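Asker: build me a model:
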Amino acid sequence: MSVSELRPRAEIEPTAISLAAGASVANSELRKQTLMVVDDYRSNLQAMNALFEFQYQVVLFDNAKEALAYAQTDVVDLILLDLDMPDMHGYDACEELKSSPLTAYIPVIFVTASDSSDDEARGLLLGAVDYITKPVNLTILRARVRNHMELVYYRKQLEILSSVDGLTGVANRRQLDTMLLQHFASTVRFGHCMTLMMIDIDDFKPYNDLYGHMQGDDCLKRVARAIQSVRRRETDFVGRYGGEEFAMVLPDTDLEGGLVMANKLLQVVRGLNIEHQGASATDSITISIGLTVFEAKSEQAKQQTVEQLIECADKQLYAAKHKGKNRVSYALPNQLLA
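Answerer: Prediction:
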């Protein structure tokens with residue numbers, strides 16, 4: 001196959017039918033890499049989908065701004081981006097992608113009718129990984145997409161290795177920060193809610209002093225596994241915040257659901273029966289939890305930041321410690337502004 005169905009804009013008639021934002025027309029098999037195609041002509045989008053739907057999860061956009069919003073909250077592995085679009089120029093879209101920490105890593109391939117070497121140079125300088133001109137040779141396009149997808153796959157494998165805390169096996173701080181940002185952005189976008197818990201092992205310094213650092217490390221591992229075991233969904237996320245402190249992010253979880261999870265955490269960790277003769281409250285290892293809920297149901301609420309959410313959960317953690325440890329303290333959604 002040497003001649004593409006993808007043609008320069010001047011050769012095709014614009015369609016009056018607009019695709020829904022992020023319409024996925026490929027099979028939704030799990031673990032398929034996601035290919036985003038952004039082009040304001042439906043015939044081009046259909047041709048791209050026909051070419052790639054069996055290899056990848058394909059999401060189609062005829063609007064660059066909607067595509068950018070989708071990429072902020074959903075997993076995208078590679079973007080095929082048209083250059084000349086009515087709502088936003090491809091250069092501007094690429095620049096916006098590269099300026100956001102949530103999307104800067106996504107490789108972009110420009111697919112455009114412009115064969116100007118100056119345009120190609122500008123696109124590559126903005127951070128695109130490739131530049132393909134229309135009409136497109138489908139065999140070459142498929143090969144280039146495959147090659148870039150392979151690079152994405154191997155990069156993500158390296159990221160997985162570098163995103164795990166070496167001692168406890170849960171996500172490290174860097175990965176925790178990234179996932180918290182992504183879940184927060186998704187909550188704001190869809191007007192949902194999310195629960196954040198800051199979890200700290202009670203009297204851990206005295207435990208290290210009394211039993212030694214090797215046993216302290218073993219305690220951290222066991223508590224981390226216990227916290228992980230309470231997760232109910234793949235989207236529930238656990239990470240090590242630092243030292244003996246962990247965080248759990250629960251998307252689409254309100255205050256009631258968060259408290260159910262928090263009390264289960266308290267119970268599971270107590271059930272480990274890790275002896276601690278130096279504890280101030282009990283004779284075994286316990287945890288304290290600071291919990292807060294973010295509800296993006298108003299414009300005022302949507303002005304909140306991740307940093308404010310963490311600060312609120314931290315305050316509740318200190319409150320739980322002050323009240324006697326081995327408990328959960330929480331802030332209601334409207335207290336975030338306090």
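Asker: find the nearest non-adjacent residue to residue 32, please.
Answerer: Leaving aside its chain neighbours, residue 32 sits nearest to residue 57 (4.2 Å; criterion: CB to CB, 6 or more residues apart in numbering). No exception for glycine: its C-beta is placed from N, CA and C like everyone else's.
Asker: surely residue 302 is in a strand?
Answerer: No. Per DSSP: H, G, I helix; E, B strand; the rest coil, residue 302 lies outside any strand segment and is helix.
Asker: quick one on the thing from earlier: ok, the residue nearest to residue 32 touching residue 34?
Answerer: Yes. Using CB atoms under 8 Å, residue 57 is in contact with residue 34, at 4.6 Å.
Asker: next one: phi and psi at the residue located most distally from the centre of the chain?
Answerer: Residue distances from the centre of the chain (CA atoms, centre = their mean) peak at residue 277, which lies 40.6 Å from the mean C-alpha position. Backbone torsions of residue 277, given as degrees, to the nearest 10, read phi -70, psi -10.
Asker: name all residues that make contact with it.
Answerer: 210, 283 (CB atoms under 8 Å, 6 or more residues apart in numbering).
Asker: so how far is residue 294 from it?
Answerer: Separation of residue 277 from residue 294 (CB to CB, to the nearest Å): 39 Å.
Asker: can you check residue 183 too?
Answerer: Distance, residue 183 to residue 294, by CB to CB: 9 Å.
Asker: quick check: neighbours shared by those two?
Answerer: Shared contacts of residue 183 and residue 294, defined by CB under 8 Å, 6+ apart, comprise residue 194.
Asker: how about the helices in the protein?
Answerer: Counting by DSSP state H, the chain has helices at residues 42-52, 64-73, 90-99, 117-125, 138-162, 173-190, 204-211, 213-229, 255-270, 306-322.
Asker: who are the packing partners of the third one?
Answerer: Counting by 3 or more CB pairs under 8 Å, 6 or more residues apart in numbering; DSSP states H and E, the packing neighbours recorded for helix 90-99 are helix 64-73, strand 78-81, strand 108-112, helix 117-125.
Asker: quick one: closest of those to residue 243.
Answerer: helix 64-73 (30.7 Å; CB to CB).
Asker: tell me the angle of that closest one relative to helix 173-190?
Answerer: On the basis of axes from the mean of the first three to the mean of the last three CA atoms, to 10 degrees, helix 64-73 is oriented at 140 degrees to helix 173-190.
Asker: same for helix 64-73, what does it pack against?
Answerer: strand 34-38, strand 57-61, strand 78-81, helix 90-99, helix 173-190.
Asker: just checking, residue 286 touches residue 275?
Answerer: No. Counting by CB under 8 Å, residue 286 sits too far from residue 275 to count as a contact (12.0 Å).
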